[in-house]
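Undergrad: give the three-dimensional model of this entry:
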Amino acid sequence: MATDLARAVELINRGEVLAASSILETARTSGEEIPLAPIITCSQGFLIHGSPGQAITWLERAVRMAAGLDDPVVLMEVMGWLGLACLEAGLEDKATAIQETTRREDCLAAPGLLLFRARWLVTRGEREAAGDLYNIALAQKRLTTAQTVTLLLERSRWHYAGGDLAAAGRDWQRAEQLAGLLGNPLLLAWCRQVARGGGQLGQEPGRQKGALPPRLYFRLLGEFSVWRGEEMLAVSSWPRRKVVALLQYLALQPHWLVARDKVVELFWGEDGGSNVLHVTIHTLRKALTAGLVPAPAYLAVQNGLIGLKPELVNGTDLQQFRACLQAARVHWESDRPRALECYRQARSFYSGELLAGVAEESWLAPLRENTRQMYVEALVRLAAAGNSQDGAALSLWLEVLELELGHEEARQQAITLLAKSGRKDKALACYQHYARYLARELGLPPAPALEKLYRQLKAGMGGERDGS
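TA: Coordinates of the predicted model:
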C-alpha cells in the first residue's frame, strides 16, 4: 500500500486530483489503514487544486484519526485545514462549528488552524485582525520554509483583496522563490492557484495594472467554443483551421504545456512544420487578444514547450464533468444519494461528444472514447437507480443505446421497460435491431437471457391477438 500512497501523493503534486482520489478510495475500501500524513498531504492537494469537497471527505477522516493521538497540535492542524476546506466549499455551518470548537486554542502553534482563523475573520469583516494574525505568525522563528510559503500566499491573497497590489505581489514573489528552492510541487501549484486568483501577482509591483485581463474558459463537450471573460470569441471566423485545432489540443492538455516538437509532429508531420507552427502561434495570439490593450500573454512559448498560461485560464467543461464523475465514484459505496447527485451534475455538463464535428484525429480519438465511456457510466448508474414507472429510467437506457448499441444491460432493461409500458411492438423491434447488429458486427446471437425475454414477449403478444 505504501507504493500506492506515494503514487497518490505524486499525482496530487502533478495536479491529477481525480486519479489520486481514485487510488485513495481503493486503498480505503480494501480495508487497510491509511496513515495520517498522506491523507493530510492529499487533502491539501485537493484543496489547492480546487476540489474542496474531496478535501472535506478525507479531512473528516483525518480528524477522527488525529483525535485518537496524544497530540492536540496535530488535531488542531487538521481541524484548521478542514475549516479552510469548508469555507472554500461555502459550508458556513460546518465552518462555524469548527470555529466554535477551536476558538480557545492557540492557533500560532498550528499554522493550518491559523490559516482558517484568519480566513474566518475576513469573512466576518474583521480584516485588520486577520492581517495582524498573518504578521504575528510570519514573525515567528520556528516556522518551517513550507509553513512560511503557505502563510505568505494567504497574506498575499489578503493584500490583494484589500487592493494593495504591490504588497500582494511582494508576498507572492517571495513565496514562489521559497517554493522553488524547496522544489515542492504542491507549494508551486498553490503559487499558481493564487496567481490565477490575483491575475498579475507575479509581475513587478510597478508594472501591475488595476484591471485584470479576462480569463479563458473552454467548452469542449459538444460544439467547441472559447469564452474570454463574458465574451464568446468568434472562433469560426478565425483565418486558419490549424489555429483552432492547435487551441483545442492545448485546452485538452492536463497541465497546459506540451513539447513544441510533439505539436509539430502531430499537426505537420516529422519533416516540417517548425516555421508553420511559429506563424500559427502568432495568429492564435492575435485571435485570443483581439481588442485588448495591453494584450495579455495567454500563450507561453519557452524552453521547447508551448501551452496556455494556467493563471489566465478558468478551466473547461470537460474538467468539471470529470470532477463530478470522479466525486460520484468516490461516494458510490458510502453515500449513494450524494453519488447520484454528482452523476446528475456530470450529465448536465455533457452537451455532446468531445469536440463534436471535429475530424477524428489521432490525438482526439482516445480522449473522445474515454469521455463517452464516462458519460455512459453516469447514464447507467442514474438509470439503474431510477423509478421504472415514471419513464425517466427508460429514457436513460435508450440514451445509453444511442451511444453504445452493444450495451447488453441497457438493451435488456429497455426491452423490459418498453414491454411494461405497453409498447411491446417497440420492445420486439428493440431486440430485433440488436440481434441484427450482433450478427452483422460480431457474428453472434444475443445472450440467452435476452432470447428468453424475446420469446416470452412474442408468445404474450400472440396470446393477446388470439384473445382479441
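
Undergrad: quick one, helices of the stretch 351-468 of the chain?
TA: 365-385, 392-403, 408-420, 424-441, 448-467 (DSSP state H, counting those that start in this stretch).

Undergrad: find the one among the ones you listed with the highest mean neighbour count.
TA: helix 408-420 (a mean of 20; mean count of other C-beta atoms under 10 Å). In short, each C-beta sits where N, CA and C put it, glycine included.

Undergrad: now it: how far from the chain's centre is it?
TA: Distance of helix 408-420 from its chain centroid, counting by C-alpha atoms, centre = their mean, to the nearest Å, is 33 Å.

Undergrad: repeat for stretch 290-298
TA: For stretch 290-298, the distance to the chain centre is 27 Å (C-alpha atoms, centre = their mean).

Undergrad: residues making contact with that stretch?
TA: The contact list for stretch 290-298 (C-beta atoms under 8 Å, 6 or more residues apart in numbering) reads K209, P213, P214, L216, L233, R285, L288, T289, L308, K309, L312, V313.

Undergrad: please flag which of those residues sit within strands.
TA: L216, L308, V313 (DSSP state E).

Undergrad: OK, contacts around the nearest residue to I415 once chain neighbours are set aside?
TA: Closest residue to I415 apart from its sequence neighbours, by C-beta to C-beta, 6 or more residues apart in numbering: A427 at 4.7 Å. The neighbours of A427, taking C-beta under 8 Å, 6+ apart as the test, are A414, I415, T416, L418, A419, L457.

Undergrad: just give me the lowest mean pLDDT stretch among the helices of the stretch 351-468 of the chain.
TA: Among those, helix 448-467 carries the lowest mean pLDDT, at a mean of 73.

Undergrad: list the buried residues of the host helix or strand of S43.
TA: In the assignment (DSSP states H and E), S43 maps to helix 36-48. By 16 or more other C-beta atoms under 10 Å, the buried positions in helix 36-48 come out as L36, P38, I39, I40, T41, C42, S43, Q44, G45, F46, L47, I48.

Undergrad: same check on stretch 147-163?
TA: Applying 16+ other C-beta under 10 Å to stretch 147-163 flags 147-160 as buried.

Undergrad: same deal with stretch 221-228?
TA: For stretch 221-228, by 16+ other C-beta under 10 Å, it's L221, G222, F224, S225, V226, R228.

Undergrad: got the CA coordinates for it in CSV?
TA: Extracted C-alpha coordinates of stretch 221-228, given in CSV (Å, rounded to 0.1, in the frame of the first residue of the first chain):
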residue,chain,number,x,y,z
LEU,A,221,-18.2,18.9,-24.9
GLY,A,222,-20.4,19.4,-27.9
GLU,A,223,-19.6,22.3,-30.2
PHE,A,224,-16.2,23.9,-29.4
SER,A,225,-16.4,27.5,-28.0
VAL,A,226,-14.0,29.8,-26.3
TRP,A,227,-15.0,32.4,-23.7
ARG,A,228,-12.8,35.4,-22.8
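
Undergrad: domain map for the chain?
TA: Using automatic domain parsing, the domains assigned to the chain come out as 2-207, 216-316, 320-467.

Undergrad: so which of those is the most surrounded?
TA: domain 2-207 (a mean of 18).

Undergrad: before we move on, the earlier item: including distance to V358 and pLDDT, could the contacts of stretch 290-298 go into TSV?
TA: Formatted as TSV, these follow (distance: C-beta to C-beta, whole Å; pLDDT from 0 to 100):
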residue	distance to V358	pLDDT
K209	36	41
P213	27	80
P214	25	86
L216	18	90
L233	17	92
R285	22	94
L288	19	95
T289	24	94
L308	18	90
K309	24	85
L312	24	84
V313	20	84
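
Undergrad: pick out whichever of the buried residues of stretch 221-228 sits closest to T101.
TA: L221 (41.8 Å; C-beta to C-beta).

Undergrad: shouldn't that closest one be in contact with L318?
TA: Yes - with contact taken as C-beta atoms under 8 Å, L221 and L318 are classed as touching, separated by 5.9 Å.

Undergrad: who touches both of the two?
TA: In contact with both L221 and L318: F349, L354, T371, using C-beta under 8 Å, 6+ apart.

Undergrad: so the first one sits against L325, correct?
TA: Right, the one you point to is F349. No - if you go by C-beta under 8 Å, F349 and L325 don't touch, sitting 9.1 Å apart.

Undergrad: how close does Q456 get to A449?
TA: For Q456, the distance to A449 equals 11 Å [C-beta to C-beta, to the nearest Å].

Undergrad: repeat that for S334.
TA: For S334 relative to A449 (C-beta to C-beta), the value is 31 Å.

Undergrad: and what of G307?
TA: G307 is 50 Å from A449, by C-beta to C-beta.

Undergrad: cool, E408 as well?
TA: Noted for E408: a distance of 9 Å to A449, by C-beta to C-beta.

Undergrad: pull the number of nearby residues for the residue lying closest to E230 once chain neighbours are set aside.
TA: Leaving aside its sequence neighbours, E230 sits nearest to P214 (C-beta to C-beta, 6+ apart; 7.5 Å). Using other C-beta atoms under 10 Å, P214 has 17 other residues around it.

Undergrad: give the contact list for P214.
TA: Counted by C-beta under 8 Å, 6+ apart, P214 has contacts R228, G229, E230, E231, L292, P296.

Undergrad: spit out the contact partners of the fourth one.
TA: Read that as E231. Neighbours of E231 in contact, by C-beta under 8 Å, 6+ apart: P214.

Undergrad: okay, and the beta partners of it?
TA: Counting by DSSP bridges, E231 is bridged to R228.

Undergrad: all strands of the protein, in order?
TA: Under DSSP E, the chain gives strands at 216-219, 225-228, 231-232, 257-259, 299-302, 305-308, 313-316.

Undergrad: shouldn't G315 be in contact with Y217?
TA: Yes - between G315 and Y217 there is a contact at 6.3 Å, judged by C-beta under 8 Å.

Undergrad: stretch 326-343: how far from the chain's middle?
TA: Worked out by C-alpha atoms, centre = their mean, stretch 326-343 lies 15 Å from the chain centre.

Undergrad: returning to what we had before: tabulate the helices of the stretch 351-468 of the chain (a markdown table), appending distance to P72.
TA: Output for these, formatted as a markdown table (distance: least, C-beta to C-beta, whole Å):
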| stretch | distance to P72 |
| --- | --- |
| helix 365-385 | 42 |
| helix 392-403 | 50 |
| helix 408-420 | 52 |
| helix 424-441 | 63 |
| helix 448-467 | 59 |
